[in-house]
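S.K.: Got a sequence here, can you model it:
(chains A and B)
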Amino acid sequence: QKEVEQNSGPLSVPEGAIASLNCTYSDRGSQSFFWYRQYSGKSPELIMSIYSNGDKEDGRFTAQLNKASQYVSLLIRDSQPSDSATYLCAVNGGGGGNKLTFGTGTQLKVEL
Amino acid sequence: EAQVTQNPRYLITVTGKKLTVTCSQNMNHEYMSWYRQDPGLGLRQIYYSMNVEVTDKGDVPEGYKVSRKEKRNFPLILESPSPNQTSLYFCASSNHITEAFFGQGTRLTVV
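M.R.: Alright, predicted model coming up:
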């Protein structure tokens, strides 16, 4: 079982729609959760971090965390073509060392 | 401007020729790490460092070396590169449990 799992996609949504990206993780001791956006050939860029159960909103982005279900998601409202990218879920384990474990990413395509 | 700087951005080399990829950060972060990214495999950690002179293996350390003589620098060394080390490499830095900041990436091809 992979430590951090994401559906590779591609996930296609029309412009203006809500895109929903999901991630599950295996380490129950995980403390910190991040969503990175990566354009092709570029470096990952942090877009959201979440540390406690519930929702966290930042502009068009909402991160949701459910530690009991070991599940973290990212919602993108009013999706734009510029949101087309690969979204990486990253989890910081609770065992110290500040190690980030990444999922393989979900490719999002926002269509005109 | 806060940043992580990697050099070179692109490198083509031959099997067995030692190379070093440099990484420098100006955020006074304690934690630095190296990742490689391959299609279908995602980002995998090669080595990490929790502070000066403190380094440890990540998930895929074979064929790589690192050093951390200064807080801001964390070079990645390939003593004898092989074609299976052809990949996209990223350096990252962070403080304790906070988000990681990534360098621009180094695309390495070993022929």
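
S.K.: what does chain B have sitting close to chain A?
M.R.: B:31, B:33, B:35, B:40-45, B:48, B:50, B:56, B:58, B:88, B:90, B:92, B:94, B:96-105, B:107 (Cβ under 8 Å from any Cβ of the partner chain). C-betas here are computed from N, CA, C, even on glycine.

S.K.: of the residues you listed, buried ones?
M.R.: B:31, B:33, B:35, B:42-45, B:48, B:50, B:58, B:88, B:90, B:92, B:94, B:97, B:99-103, B:105 (16 or more other Cβ atoms under 10 Å in any protein chain shown).

S.K.: if you look at those residues, which of them are in helices?
M.R.: Among those, the subset assigned to helices under DSSP state H is empty.

S.K.: Output the contacting helices and strands for the biggest strand by length in chain B.
M.R.: Ranked by number of residues, the top strand in chain B under DSSP state E is strand B:42-51. Strand B:42-51 is packed against strand A:100-102, strand B:31-38, strand B:54-57, strand B:65-66, with contacts defined by 3 or more Cβ pairs under 8 Å, 6 or more residues apart in numbering or on different chains; DSSP states H and E.

S.K.: Give me the distance from it to the chain's centre.
M.R.: Offset of strand B:42-51 from its chain centre (Cα atoms, centre = their mean, to the nearest Å): 7 Å.

S.K.: Run through who's touching that strand.
M.R.: Contact with strand B:42-51 is made by A:44, A:88, A:97-105, B:30-38, B:55-61, B:64-66, B:68, B:71, B:74, B:76, B:89-90, as judged by Cβ atoms under 8 Å, 6 or more residues apart in numbering or on different chains.

S.K.: Can you flag the buried ones in these?
M.R.: A:44, A:88, A:98-105, B:30-37, B:55, B:58, B:60-61, B:64, B:66, B:68, B:74, B:76, B:89-90.

S.K.: What distance do you get for A:Glu3 to A:Thr86?
M.R.: According to Cβ to Cβ, to the nearest Å, A:Glu3 stands 18 Å off from A:Thr86.

S.K.: Kindly format the C-alpha coordinates of the longest strand of chain B as PDB.
M.R.: Written as PDB, here are the backbone C-alpha positions of strand B:42-51 (Å, rounded to 0.1, in the frame of the first residue of the first chain):
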ATOM      1  CA  GLY B  42       6.200  11.000  -8.200                       C
ATOM      2  CA  LEU B  43       8.700  12.800  -6.000                       C
ATOM      3  CA  ARG B  44      11.000  10.500  -4.000                       C
ATOM      4  CA  GLN B  45      13.300  11.700  -1.300                       C
ATOM      5  CA  ILE B  46      17.000  10.900  -1.900                       C
ATOM      6  CA  TYR B  47      18.700  12.500   1.200                       C
ATOM      7  CA  TYR B  48      17.800  15.000   3.800                       C
ATOM      8  CA  SER B  49      19.500  17.100   6.400                       C
ATOM      9  CA  MET B  50      18.100  18.400   9.700                       C
ATOM     10  CA  ASN B  51      21.000  20.800  10.300                       C
END
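
S.K.: could you give the mean pLDDT of that strand?
M.R.: Averaging pLDDT along strand B:42-51 gives 92.

S.K.: cool, stretch B:57-65 as well?
M.R.: Averaging the model's pLDDT scores along stretch B:57-65 yields 95.

S.K.: Work out the gap between that stretch and the centre of the chain.
M.R.: Its chain's C-alpha centre and that of stretch B:57-65 lie 10 Å apart, by Cα atoms, centre = their mean.
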